[in-house]
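K.L.:
Need the 3D shape of this:
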Amino acid sequence: MNEAKNVIVRLEGRAFIIEIEISEEEMISTVICSLSSLIDKGFPLRITHTSKQPLSRSQSMSNRVVKNIIDLSDWADDVRKQLRIQGARLSLHG
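P.N.:
Numbering: from 1, shown residues only. Reported below is the predicted structural model:
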């Protein structure tokens, strides 16, 4: 049997938040890809993407509307790039 993956689920007000370690790129990709079923049913997604740099107080935020699979793929590529950058920074400081 494989080792258990760490997943944190939080309920905050009206939000259901899933936290996955950034080292779990495959699991993150699976979660993002699962959103395609909503897009296929005609539901565009308004995505608010926030990120905070390790050991920094600065935070960035972007918003986008994902209306089709190409938009979702573009956003997933952006997330993968940020995961690699953030993972490399954590390795340098860890």
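
K.L.:
In the chain, what residue spans correspond to strands?
P.N.:
7-12, 15-20, 45-52, 59-66 (DSSP state E).

K.L.:
Any chance you could list what contacts the last one?
P.N.:
Same thing as strand 59-66. Strand 59-66 has contacts (CB atoms under 8 Å, 6 or more residues apart in numbering) with 35, 39, 44-53, 71-72, 75. Every C-beta, even on glycine, is put in place using the N, C-alpha and C of the backbone.

K.L.:
any idea of the mean pLDDT for it?
P.N.:
Strand 59-66 shows a mean pLDDT of 91.

K.L.:
likewise the second one?
P.N.:
Taken as a whole, strand 15-20 has an average pLDDT of 94.

K.L.:
OK, contacts around Leu11?
P.N.:
Contacts of Leu11 (CB under 8 Å, 6+ apart): Ile17.

K.L.:
Residues in a beta bridge with it, which ones?
P.N.:
Taking DSSP bridges as the rule, Leu11 bridges to Phe16.

K.L.:
ok, it to Ile70 distance?
P.N.:
32 Å (CB to CB, to the nearest Å).
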